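Trainee: Need a 3D model of the following:
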Amino acid sequence: MVFYSTLFLINSEKFYNSVNSDSKKMDKSTGLIMTHKLSDKQIKEGWQIVQFGEIAREVKLTSKNPNEDGLEFYIGLEHLDPQSLRIVRKGIIAEDKPSFTRRFSKGQILFGKRRCYQKKAAVAEFDGICSSDIIVIEAIPQKMIPGLLPFIIQSDAFFDWAEKTSSGSLSPRTKWKSLVEFKFPLPPVERQKEILEVLEKITKCNQLYENLLYISKFNQNKYLTSCIIHNYSNKNKWVKIETLLLSSPQYGATETAIEYTEETYRYIRVTDINNIGKLDGTSKMGAPKAGNEKYLLYDNDFLIARSGNTVGKTLLYKELTSEQAIFAGYLIRLKINKKYLLTEYFKYYCRTSFFWGWIEKNARGGAQPNINNAKQIAKMEIPIPSIEEQKKIIIILNYFEKISLTLLTQKKKSNNLFQLYFKNSFMMEKC
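Mentor: Sure thing, here's the model as predicted:
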């Protein structure tokens, strides 16, 4: 009953309008904004201001031979989803032979220290090894209930601190020695138990939306796959993508990202494309306008990532009147001739096992696979129904897409509820 009450609360606008507007005071030593200092009553109850390093520690174990150590799986940053404590993807050590040596155990927290604005942290459900861009963290149980640690790390305040203490322009990273200085108010154990109970219920709601989203995506891909198998099992009916383009595939610009302003183009990088092929607006970067006109993006341009662990990630660009954008060098642009191929159909095709099978077969390299030759993309073969058939397929797949977007909206509300409850419970807000 409490679970469904939480679901109702997520959809309640009244909840979002009920945020306390008490006066706030900046703790300059930490960057936290606290609604008030600890009162005498709170001090008597056992509240205290603690540093993150007092309740958590970094785990620095390594494995030089994971196979001999009985480890099967590895985790890279690409396996961690933003704002999700679950790990739903993983790499197989025996197949990919990654160079990672950092070891983690079930129950420990994997925190992405690179590009902290992506908010990647998750609880390990198995033993394995991980990228050096991941910090392995575990709780110090004497001061805090261990189960509360993942939620503290997942809070906006903690990620804001991590981003604030990061250095580097292209791939900013934070350090453990910076994270340990994060300060926050910690309630007594009994209050921690109450907070943990509510946060776990909100997390269950979040996981419900994630599961439904997976089902929606699965059915979407299953429908298109069945259409292809039924009508195009004979590969002789498949067409090379180069015959469906208005021009040759094009590499993007090789600029260094700078601050995005009215005087720059928006600079779209692989990291700006989320897992469902949409632009992520959380960290817009720019590039100089001079000399980059040939990389300007137009409505229905199609981008494919060509390198690294994101190889094969795609974006169907939709022109925005408020900004002009160019694309970065690790992306390849396809200008599709809509007389033969509708970009929406191709977008959905690029989510099928047929497309990803082609990527796996043609990408070169181990831990950092790539498709560096644009001619490879041009030679890719795809099934092409008539334009009318493509339109019918798009209508059905758009229906699934609408369901997915609705679920994503609900998941976002669930995340907002989590952050709001967390801030109110710990009396703090992000900088």
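Trainee: and the closest residue to Glu319 other than its chain neighbours, backbone torsions?
Mentor: Counting by Cβ to Cβ, 6 or more residues apart in numbering, the nearest residue to Glu319 once its immediate chain neighbours are dropped is Asp299, at 3.9 Å. For the C-beta atoms, the positions are set from N, CA and C on the backbone; glycine is no exception. Backbone torsions of Asp299, given as degrees, to the nearest 10, read phi -50, psi 130.
Trainee: mind checking how far Asp299 is from Glu95?
Mentor: Computed as Cβ to Cβ, to the nearest Å, the Asp299 to Glu95 distance reads 40 Å.
Trainee: Kindly report the same for Ser283.
Mentor: Per Cβ to Cβ, Ser283 is found 32 Å from Glu95.
Trainee: can you check Glu163 too?
Mentor: Taken as Cβ to Cβ, the span from Glu163 to Glu95 is 34 Å.
Trainee: sorry, back to before: what's around the residue nearest to Glu319, how many residues?
Mentor: As a burial measure, Asp299 scores 10 neighbours (other Cβ atoms under 10 Å).
Trainee: Now do the contacts for it.
Mentor: Tyr317, Lys318, Glu319 (Cβ atoms under 8 Å, 6 or more residues apart in numbering).
Trainee: which residues touch the second one?
Mentor: Applying Cβ under 8 Å, 6+ apart to Lys318 gives the contacts Asp299, Asn300.
Trainee: my guess is Glu344 contacts Ile394, does it?
Mentor: Yes: applying Cβ atoms under 8 Å, one finds Glu344 in contact with Ile394, separated by 4.8 Å.
Trainee: re earlier: dump the contacts of Asp299 to JSON lines, plus secondary structure, pLDDT and distance to Ser171.
Mentor: Output for these, formatted as JSON lines (DSSP: H, G, I helix; E, B strand; the rest coil; pLDDT from 0 to 100; distance: Cβ to Cβ, whole Å):
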{"residue": "Tyr317", "secondary structure": "coil", "pLDDT": "94", "distance to Ser171": "24"}
{"residue": "Lys318", "secondary structure": "coil", "pLDDT": "87", "distance to Ser171": "27"}
{"residue": "Glu319", "secondary structure": "coil", "pLDDT": "76", "distance to Ser171": "29"}
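Trainee: between the residues you listed, which is nearest Leu417?
Mentor: Checking the contacts of Asp299 against Leu417 by Cβ to Cβ gives Lys318 as the nearest, at 29.6 Å.
Trainee: Helices of this protein, start to end?
Mentor: 2-10, 13-16, 40-45, 52-55, 93-96, 149-153, 156-164, 176-179, 189-232, 343-349, 353-362, 374-379, 387-426 (DSSP state H).
Trainee: in the stretch 251-400 of the chain, which ranges drop under the pLDDT threshold?
Mentor: Along the stretch 251-400 of the chain, segments meeting pLDDT under 70 span 282, 308-309, 320-321, 364-369, 372.
Trainee: Please apply the same query to the stretch 1-150 of the chain.
Mentor: In the stretch 1-150 of the chain, residues with pLDDT under 70: 1-36.
Trainee: and Ile241, how many neighbours?
Mentor: Ile241: 20 neighbours (other Cβ under 10 Å).
Trainee: Do I have it right that it meets Lys375?
Mentor: No: with contact defined as Cβ under 8 Å, Ile241 and Lys375 do not form a contacting pair (10.8 Å).
Trainee: can I see the domain layout of the chain?
Mentor: 48-186, 221-386 (automatic domain parsing).
Trainee: Kindly reformat these as CSV containing distance to Gln207.
Mentor: Shown next, in CSV, are the domains of the chain (distance: least, Cβ to Cβ, whole Å):
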stretch, distance to Gln207
domain 48-186, 7
domain 221-386, 16
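Trainee: out of those domains, which comes closest to Lys41?
Mentor: Closest among these, using Cβ to Cβ: domain 48-186, at 13.3 Å.
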